[in-house]
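> Next come a sequence and a model predicted from it.
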Amino acid sequence: MKKFCSILLAALLLISLCAFAQAEEAAALKAPTDFTFDPMTGAYSFNAVDENVSYYFIRFFEVKDGEISGEYISSSKRIRGGRTGEITGTIDLSDVAWGSYAVSLNSFAAAGSAFVSPDPVNIYANYGVGLPLERPEMLAMMSGNEVQFVIDWWSLDDYMYYEYLPYAKITFYSDEDCTQEAYSDTVDLALLKNTLRKNPPGIIEIWGYTMTGGLHLYEPQGTPVEGGPVGSLSDSIYFTNDLYSYSTESMGIPAGTYYVTLQALSRDEYVLDSQVTPAIAVTLTDDAPAAEYTMAATELWHEPGQMDMPGVNPGLQKDRVDFALNQPTAGQLAE
């Protein structure tokens, strides 16, 4: 009798587990099928196969080193569920900057329901295909055997909002024709994103400055800049973070006059490098840097504007070479 009861209990347990598994399976929503997406127009279509899906979103997630980031950077409006069959529409691509993305079709159960949302359906796309990066501009501040470069904040903002923060190559030439390279350095501008500050939030972008403590005090009203125009700063500032320092000692080159260019380098094989800036003359001596310094800039350098603090906004310096805001949408599905 005890053996019979044990067998009966085991059978009932097995039946319960099977029923539970079937309930779990029944509660899982079915993912849509036949998802298509046009990376140039934003048109999409998919086949809804489960009327219990409450709503859908199509979202863009950055792909870095083959991995999908955890936070979406752009999204469609809410797409109504509760139906089956083909669903079509168009997504606004104006907020999609350059780079690699997983275009993710997400299905959602109604809040409080017993249903479980399925995994997203992904299509991969690249943006900026075949287009050149906007040409960056820069300021040079020279004193003794040292020169400090500031990448134009307007360039940085255009990259961040319309393209992406690329690499920047600073090259020193020993001749005015820029045929004899003396030294070069490539820096990753994406590292500056962690230092970006907004003040007030969403009003101006601040890429790094302080009123005290730097070596070269930038005085827009008192120190003439050879080359580019100035903006609207009314107070003297020290640039920080977005500041690249070189000396004859660190570069291993002798004192003298050098001709320096700047170029933005693509992070991907499908985006083109920017054009190279015209060279600016930089004279270095054997002396240690001092408070006195001279400045020069590339031809379209423009200092930050100023509200309560120096800052910039994207898309305002429209004279830029290959201006980012004028670039067309150039998306391509990834293989």
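Ah, there it is.

> would Ser155 count as being in a helix?
Yes. Under DSSP: H, G, I helix; E, B strand; the rest coil, Ser155 falls within a helix.

> so who does the residue lying closest to it once chain neighbours are set aside touch?
Closest residue in space to Ser155, ignoring its immediate chain neighbours: Pro136 at 4.1 Å, by CB to CB, 6 or more residues apart in numbering. Glycine gets a C-beta too; all of them are placed from N, C-alpha and C. If you count contacts by CB atoms under 8 Å, 6 or more residues apart in numbering, Pro136 has them with 151-152, 155, 159, 168, 262-264, 274, 277.

> Same question for Asp308.
Asn199.

> residue ranges with poor pLDDT in the protein?
For the chain, applying pLDDT under 70 flags the ranges 1-26, 201-202, 221-224, 228-231.

> residues near Asn47, how many?
13 (other CB atoms under 10 Å).

> do Leu139 as well
24.

> wait, doesn't it sit right on Trp153?
No. With contact defined as CB atoms under 8 Å, Leu139 does not count as touching Trp153 (10.1 Å).

> quick one: contacts for the closest residue to Leu156 other than its chain neighbours?
Distances taken as CB to CB, 6+ apart place Trp207 nearest to Leu156, at 5.6 Å, with adjacent residues excluded. If a contact means CB under 8 Å, 6+ apart, then Trp207 has 153, 156, 192, 195-197, 241-242, 312 as its contacts.

> Residues touching stretch 262-273, excluding its own?
98-100, 126, 128-138, 149, 151, 155, 159, 163-164, 166-171, 186, 189-190, 274-277, 298, 332.

> Three-state assignment for the residue nearest to Ser155, please.
coil.

> so how far is Tyr173 from it?
The gap separating Pro136 from Tyr173 is 18 Å, by CB to CB, to the nearest Å.

> Repeat that for Ala296.
Distance of Ala296 to Tyr173, given as CB to CB: 15 Å.

> More neighbours: which of these two?
Legend: neighbour count by other CB under 10 Å for Ala296 and Tyr173, higher for Ala296 (22 against 18).

> so the more buried one touches Val225, yeah?
Yes. At 6.9 Å, Ala296 counts as touching Val225 under the criterion of CB under 8 Å.

> what is in contact with the two at once?
Counting by CB under 8 Å, 6+ apart, the contacts common to Ala296 and Val225 are Leu139.

> ok, Asp65 - how many residues close by?
Neighbours around Asp65, by other CB under 10 Å: 5.

> Return the residues in contact with it.
Counted by CB under 8 Å, 6+ apart, Asp65 has zero contacts.

> Quote the end-to-end distance of stretch 146-166.
For stretch 146-166, the separation between the terminal residues is 25 Å (CA to CA, to the nearest Å).

> Tell me the buried residues in it?
Residues of stretch 146-166 classed as buried by neighbour count (16 or more other CB atoms under 10 Å): 146-166.

> now do stretch 204-222
204-209, 214, 216-218, 220.

> okay, now the residue nearest to Gly305 when sequence neighbours are not counted: neighbour count?
In space, and not counting its chain neighbours, Gly305 is closest to Ser232: 4.8 Å by CB to CB, 6+ apart. Counted with other CB under 10 Å, residues neighbouring Ser232 total 12.

> tell me which element Ser232 falls in.
Counting by DSSP states H and E, Ser232 is held by no secondary-structure element, helix or strand.

> residue contacts, it?
Neighbour list for Ser232: 303, 305-306 [criterion: CB under 8 Å, 6+ apart].
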